[in-house]
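Undergrad: Dropping a prediction and its sequence here:
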Amino acid sequence: MAATIRPRRSVLYMPGSNARALDKARGLPADGLVFDLEDAVAPDAKAEARGLIRAAIAQGGYGKRELIVRVNGLGTPWGYPDLAEMATAGAHAILLPKVESADTVRQAEAILAASGAPADLAIWCMMETPLAMLDAKDIARATPRLGGFVMGTSDLAKDLGALHTPDRLPFVTSLGLCLLAARAYGLAILDGVYLDLTDEEGFAAACRQGREMGFDGKTLIHPKTIAAANQVFAPSADEIAWSRKIIAAHAEAERQGKGVLLVDGKLIENLHVVSAQRLVAQADAIAALEAEAG
Ligand SMILES: CC(C)(COP(=O)(O)OP(=O)(O)OC[C@H]1O[C@@H](n2cnc3c(N)ncnc32)[C@H](O)[C@@H]1OP(=O)(O)O)[C@@H](O)C(=O)NCCC(=O)NCCSC(=O)C[C@H](O)C(=O)O
Ligand SMILES: [Mg+2]
């Protein structure tokens, strides 16, 4: 999938079986929504949840938010019907859980295509097992339909026997491997969820760490965390002003035949301008999304 500048600061999971949550999300300022059919939905409620998700997306009201359906794995009884039914539900992307190989992605892609999925329906992968970390590069280049990775740090902690520490040191290798693979192949990548809804400081620190590492945004489990994620993952006013300043200064230097220059004592080259242009484009995309939401 072609890389686009789409805000993904905050992406909220909603149990697909929870009609109230699906409705409430229409008014929430999350950049993206995951309609979950996997872990948040009980086995007996899966079939009904598919219908609720299809009806909710058809009814609309989600504006320009990115709509993602997380299906069950193909090794479960629900994986195939989830893919077959959600292929034409109108979402922007299908999120595959517990992906461990490029073959799994291509198998899912074949089912989606055979079920009438539109050409622009993206596939995203949950990266949440040790094998996924080791195969991240292969998974990232499995198909041109691939749009992004989502870290599943809860499943990963379970499989690694790791603890959720404040510095997240036990996850740094895994997060780094997935970031490398995602960026090498032009994919978006979202950080994992923060489970303690009472720990606002810890949540903000995890968001800051995620942004510093290079994640596009954070996956969330509750609406009350959206504002903080939006704030941390958005370019700050200072960053935007600095970016505009070096873009203008570099353009002027180029007119004078210079490739490098100093702005406020800092060396600026073309590579800094590329980053600055991306940051300004992100800020513009966020402003456009927020203007549309009112
Ligand atoms: C965690 C919750 C079960 C808590 O729900 P609840 O008790 O209803 O919370 P509140 O009373 O505080 O809710 C206040 C209002 O907000 C709405 N709400 C709550 N959560 C959501 C949501 N996720 N999306 C939309 N709206 C939401 C409530 O309806 C209330 O609204 P109102 O009626 O107007 O008062 C709940 O938050 C929840 O279910 N969260 C999502 C859980 C989930 O999806 N989990 C799976 C994804 S995480 C994962 O799988 C991990 C990953 O795979 C990994 O391995 O790491
Ligand atoms: Mg998981």
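TA: Here it is on my side, so go on. Ligands and ions are numbered 1, 2, ... in the order given.
Undergrad: Give me the domain ranges for this protein.
TA: 10-233, 237-293 (automatic domain parsing).
Undergrad: Of all these, which one is nearest ligand 1?
TA: Set against ligand 1 and scored by Cβ to the nearest ligand atom, those come closest in domain 10-233, at 3.2 Å. For every residue, glycine as well, the C-beta is placed using N, CA and C.
Undergrad: and that closest one, is it in reach of ligand 1?
TA: Yes: counting by Cβ under 6 Å from any ligand atom, contacts between domain 10-233 and ligand 1 involve 12-15, 20-21, 24-25, 36, 39-40, 126, 128, 152-155, 192-193, 221-223.
Undergrad: Mind putting the domains of the chain into a markdown table with mean neighbour count?
TA: A markdown table is the format used below for these (neighbours: other Cβ atoms under 10 Å):
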| stretch | mean neighbour count |
| --- | --- |
| domain 10-233 | 19 |
| domain 237-293 | 14 |
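Undergrad: And the helices in the chain, which stretches?
TA: For the chain, helices defined by DSSP state H occupy the ranges 19-24, 46-59, 79-86, 102-114, 130-134, 136-140, 153-160, 172-184, 200-213, 226-233, 237-255, 270-293.
Undergrad: want to throw these into TSV with mean pLDDT?
TA: Putting these into TSV (pLDDT from 0 to 100) gives the following:
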stretch	mean pLDDT
helix 19-24	98
helix 46-59	98
helix 79-86	98
helix 102-114	98
helix 130-134	98
helix 136-140	98
helix 153-160	98
helix 172-184	98
helix 200-213	98
helix 226-233	98
helix 237-255	97
helix 270-293	94
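Undergrad: still on that earlier bit, quick one, which of the domains of the chain is nearest to ligand 2?
TA: domain 10-233 (3.7 Å; Cβ to the ion).
Undergrad: For Thr104, list the residues it contacts.
TA: The contact partners of Thr104, by Cβ atoms under 8 Å, 6 or more residues apart in numbering, come to 74, 96.
Undergrad: Look up how far Ala140 lies from it.
TA: 13 Å (Cβ to Cβ, to the nearest Å).
Undergrad: where's stretch 125-139 relative to the chain centroid, distance-wise?
TA: In terms of Cα atoms, centre = their mean, to the nearest Å, the centre of stretch 125-139 is set 15 Å apart from its chain centre.
Undergrad: I'd like the numbering to begin with 19 instead of 1 from here.
TA: Yes, from this point I'll number from 19; that puts the last item at stretch 143-157.
Undergrad: Give me the residues contacting it.
TA: 88, 113-120, 123, 164, 166-174, 177-178, 191-192, 195-196, 198-200, 202-203.
Undergrad: hang on, the earlier thing: so which of the residues of domain 28-251 next to ligand 1 are in strands?
TA: Those of those mapping onto strands are 30-33, 54, 144, per DSSP state E.
Undergrad: now the residues you listed in CSV, with pLDDT and distance to ligand 2?
TA: Converted to CSV, these look like this (pLDDT from 0 to 100; distance: Cβ to the ion, whole Å):
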residue, pLDDT, distance to ligand 2
Leu30, 98, 15
Tyr31, 98, 10
Met32, 98, 15
Pro33, 98, 14
Asp54, 98, 10
Met144, 98, 6
